[in-house]
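*Asks:* Quick check, what structure comes out for this input:
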Amino acid sequence: MMGRILIVAGSDSGGGAGMQADLKTVTALGGYAATAITALTAQNTQGVFGIVGIDPTFIAEQMQVVLADIGADCIKTGMLHTAAVIQTVAEVLEVAAPGIPVVVDPVMYAKGGDCLLDPAARETLVQRLLPRAAILTPNIREAEMLGGLPIRQPDHLAAAADRLLEMGPTAVLVKGGHLAGSTVTDWLAWRGGHQAFTSIRSSSRNTHGTGCTLASAIATGLAQGLALGASVERALAYVQEAIRTAPNLGKGCGPLNHGHTMHP
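*Replies:* Presented below is the predicted three-dimensional model:
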């Protein structure tokens with residue numbers, strides 16, 4: 001195993017997204033994953049049916065003991081559902097992980113549209129966590145909510161990414177999968193440069209957990225010493241193959257095949 005990744009995120013009882021997807025992704029890409037669970041969810045491929053938050057003090061303790069003993073080469077955040085949780089995570093990062101890159105996946109909505117972030121916590125996310133991000137990975141809806149710019153076509157991705165860069169992250173990857181069209185464009189921007197990644201759109205219904213999976217794959221690449229662009233490129237390829245070979249489980253939006261790298 002190469003690369004230590006601390007994942008700070010919620011649990012998905014269905015196994016397709018959240019902490020479960022993160023753990024599978026990091027392992028499949030050859031990294032070592034440690035965890036700090038922020039919330040428990042009762043969910044499956046058809047939706048989120050219940051959420052139980054973890055006490056912020058205990059979230060902090062999970063992070064602190066892992067960082068003090070095992071350490072981390074990269075930290076990935078996922079579902080941070082309240083302002084108190086975001087504030088706590090930001091404080092631990094400042095004290096216990098000042099030099100460690102952080103991949104921030106601003107989990108605001110589940111695939112089916114269920115809200116996973118208290119609307120009152122948006123400003124805390126912007127003020128406390130975005131400036132700490134080595135890369136921010138919003139989907140279209142999240143980028144619109146955070147940046148305030150409408151995204152209706154691929155040409156709008158660049159402006160949205162630039163607006164989000166102004167909020168402090170080192171880099172932004174705006175994921176274009178929710179736009180219509182036969183191709184998908186994901187726009188990576190950083191101060192002084194940008195790179196577009198375009199692929200043929202998959203018609204698969206099995207896309208549950210793609211955002212969590214992509215962010216954890218990027219975090220694994222950064223932890224393993226890959227450059228930002230190379231980390232994103234490998235992560236996108238990993239997700240695309242995981243969709244293509246998905247096991248077609250459940251009655252709704254099915255999970256990916258996270259273990260495709262482990263088979264010849």
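
*Asks:* When you work out contacts or count neighbours from here on, use the C-alpha atoms and nothing else.
*Replies:* Fine.

*Asks:* ranges for the helices of the stretch 151-264 of the chain?
*Replies:* For the stretch 151-264 of the chain, the helices defined by DSSP state H, counting those that start in this stretch cover 157-165, 210-223, 228-244.

*Asks:* Can you pull out the residues in contact with the shortest one?
*Replies:* Meaning helix 157-165. Defining contact as Cα atoms under 8 Å, 6 or more residues apart in numbering, one finds that helix 157-165 is touched by 143-144, 146-147, 149-151, 171-174, 176, 186-191.

*Asks:* do that again at 7 Å, thanks
*Replies:* 143, 147, 149, 151, 171-172, 174, 187, 189 (Cα atoms under 7 Å, 6 or more residues apart in numbering).

*Asks:* just stretch 242-255 next, same as before
*Replies:* 16, 45-46, 205-209, 256-258, 260.

*Asks:* Among the residues you listed, name the buried ones.
*Replies:* 16, 45, 206-209, 256-258, 260 (16 or more other Cα atoms under 10 Å).

*Asks:* just the angle between the host helix or strand of residue 6 and helix 210-223, please?
*Replies:* Mapping residue 6 onto the secondary structure by DSSP states H and E places it in strand 4-12. Counting by axes from the mean of the first three to the mean of the last three Cα atoms, to 10 degrees, strand 4-12 points 170 degrees away from the direction of helix 210-223.

*Asks:* What are the buried residues along the helix or strand that strand 4-12 is followed by?
*Replies:* Downstream of strand 4-12, the first helix or strand assigned by DSSP H and E is helix 18-28. By 16+ other Cα under 10 Å, the buried positions in helix 18-28 come out as 18-28.

*Asks:* Pipe the residues you listed into a markdown table and attach pLDDT and distance to residue 92 per row.
*Replies:* Shown next, in a markdown table, are the buried residues of helix 18-28 (pLDDT from 0 to 100; distance: Cα to Cα, whole Å):
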| residue | pLDDT | distance to residue 92 |
| --- | --- | --- |
| 18 | 96 | 21 |
| 19 | 98 | 19 |
| 20 | 98 | 23 |
| 21 | 98 | 24 |
| 22 | 98 | 20 |
| 23 | 98 | 21 |
| 24 | 98 | 25 |
| 25 | 98 | 24 |
| 26 | 98 | 22 |
| 27 | 98 | 25 |
| 28 | 98 | 28 |
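
*Asks:* Compare the contacts of helix 157-165 and tell me which is most surrounded.
*Replies:* residue 172 (30 neighbours; other Cα atoms under 10 Å).

*Asks:* If anything else comes up later, I'll come back, but that's it for now.
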